[in-house]
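> Below is the sequence, then the predicted model.
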Amino acid sequence: MSGSATDLAGIAAGRHTRGGRMAGSSLAVPQPNLRMYKSEAGFNAIMNWYEETEAKIPVPVDSLFVDTRFGRTHMLVAGPADAEAVLLIPGVAGCAPLWRLQIADLSRHFRVYALDIPGQPGRSDPNPPSFLNDDYANWLLDVADAIGAPRCHVAGVSVGAWVAMRFAIHAPHRVHSVALFGPTGLSSARLPWRIWLTRVMKKSKDADALQDDLTAKSVSSKSPGGSFGTFDRTLARAMALCTRHYRVDWSLGIYDEKTRRVDKWKGLKVLGKFFMSEPKALLRRFESRGLLVFGEHEVLYDPHKVGKRASSLMPGLRVEIVPGAGHAAVYDKPAEVNAMLVAFFKKPV
């Protein structure tokens, strides 16, 4: 497939599948909203990456669409139909195929649903929930209802982990357990602005050049020499494409269609959600069985300090710090993290 707008619209929901199986809904895929992208060529590049990465998942996956209050949500589905459900939530500008290294291991034991967030790159509708209220928790409730899961396990990366945490606080009766990988919202966070402004955001670089330049050094300034180990090249490609072609202002819900400008005040409030701690009173409402995973080179926090703070506020939380990993240990140490995740989800509640 070429990944063009016409091609994407031609895929029938519940009929796009790998491995010879068919998926659920009979509704047609809506036309993508190209306003989420800086150009149609950029949209095509991201969707080509999506399909190429999906094809690398080593187990059969189905493509399923379900209806939510934010329009249609797309997900990649694998594993036994009668097994406990696991919802996988990517970070900002992420999408379902970024869980490619986890889907195979998890699907041996669970029914896995890797989600495309509405308003983010992927196949879901272009209607981003708000970060400033309970929209994301309500979106996940709609997803859980649509797949017929009275309770589920949930895992998220970065801002996706914040979504998982908020869901567990909002609807604890719908959660078996929650895994949080480098979540935002646990403490005041830092970002290596100098690195991102001088390396990642340089307008002179196209996506190919940026992809080659993105390494562990781009997301860590703490390890010796500013780098460690290797950096997932599929993730680097996704980051480069989205940086160059995707409108993050749209996905964050801070672009005003009427004025055609970014709402700066709303933008500051959303940034506060990413880089400031949620109120202690809210964190204390987290009562689910939780696994908090940091890489030892976590870029947002001191993992030891914030892990200790989180476990004191959220007593059901187990903290693990993975050696040789950065902000998203699921990418840096997938085999180790997958084994940890499967064992955690399989442990009786």
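Yep, it's here.

> C-alpha only now, for contacts and for neighbours.
OK.

> Give me the pLDDT for Ala236.
Model confidence at Ala236, expressed as pLDDT, equals 70.

> From Tyr331, how far off is it?
Going from Ala236 to Tyr331 by CA to CA, to the nearest Å gives 11 Å.

> same deal with Pro128?
When distance is defined by CA to CA, Pro128 is 25 Å away from Tyr331.

> Please apply the same query to Asp249.
Computed as CA to CA, the Asp249 to Tyr331 distance reads 26 Å.

> higher neighbour count, these two?
Between Asp249 and Tyr331, counting by other CA atoms under 10 Å, Tyr331 is the more crowded of the two (22 against 15).

> Could you list the residues in contact with the host helix or strand of the more buried one?
Using DSSP states H and E, Tyr331 falls within helix 329-332. Counting by CA atoms under 8 Å, 6 or more residues apart in numbering, the neighbours of helix 329-332 from elsewhere in the structure are 101-102, 181-182, 230-232, 235, 293-295, 322, 324-326, 337-338.

> And that helix, how far out from the chain middle?
Mean C-alpha position of helix 329-332 versus that of the full chain (CA atoms, centre = their mean, to the nearest Å) differs by 13 Å.

> Equivalent analysis for stretch 260-269, please.
Chain-centre distance of stretch 260-269: 23 Å, with CA atoms, centre = their mean.

> Likewise for stretch 123-142?
Its chain's average C-alpha position is 13 Å from that of stretch 123-142, according to CA atoms, centre = their mean.

> Tell me where the model's unsure across this protein.
Residues of the chain that meet the criterion pLDDT under 70 lie in 1-33, 191-233, 349.

> quick one: Thr243 and Pro121, what's the gap?
Between Thr243 and Pro121 the computed distance is 11 Å (CA to CA).

> These two: which is more packed in?
Taking neighbours as other CA under 10 Å, Thr243 and Pro121 compare with Pro121 leading, 27 against 18.

> so the more buried one makes contact with Ala93?
Yes - judged on CA atoms under 8 Å, Pro121 makes contact with Ala93 at a distance of 5.9 Å.

> what is in contact with these two at once?
Overlap of the contact sets of Pro121 and Ala93 (by CA under 8 Å, 6+ apart) consists of 242, 246.

> and Tyr301, what is it in contact with?
Applying CA under 8 Å, 6+ apart as the definition, the contact partners of Tyr301 turn out to be 187-190.

> Let me know the helix or strand that it is in.
Secondary-structure assignment from DSSP H and E places Tyr301 in no helical or strand segment.

> before we move on, what about the one 4 residues further on?
When elements are assigned from DSSP H and E, Lys305 belongs to helix 303-313.

> Would you mark the buried spots in that helix?
Neighbour-count burial for helix 303-313, counted by 16 or more other CA atoms under 10 Å, picks out 303, 306-307, 310-311, 313.

> Show me what it is packed against.
Taking 3 or more CA pairs under 8 Å, 6 or more residues apart in numbering; DSSP states H and E as contact, the helices and strands that helix 303-313 lies on are strand 289-295, strand 317-322.

> Reformat these as JSON lines; add mean neighbour count and distance to Met75.
Putting these into JSON lines (neighbours: other CA atoms under 10 Å; distance: least, CA to CA, whole Å) gives the following:
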{"stretch": "strand 289-295", "mean neighbour count": "24", "distance to Met75": "23"}
{"stretch": "strand 317-322", "mean neighbour count": "19", "distance to Met75": "27"}
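
> Just send these back as JSON lines, with distance to Ala85 too.
Output for those, formatted as JSON lines (distance: least, CA to CA, whole Å):
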{"stretch": "strand 289-295", "distance to Ala85": "16"}
{"stretch": "strand 317-322", "distance to Ala85": "20"}
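
> Compare these and give me the one nearest Arg174.
In this view, the helices and strands packed on helix 303-313 are compared for proximity to Arg174 by CA to CA, and strand 289-295 is the closest at 12.1 Å.

> and that closest one with strand 317-322, angle?
Using axes from the mean of the first three to the mean of the last three CA atoms, to 10 degrees, the inter-axis angle of strand 289-295 relative to strand 317-322 is 20 degrees.
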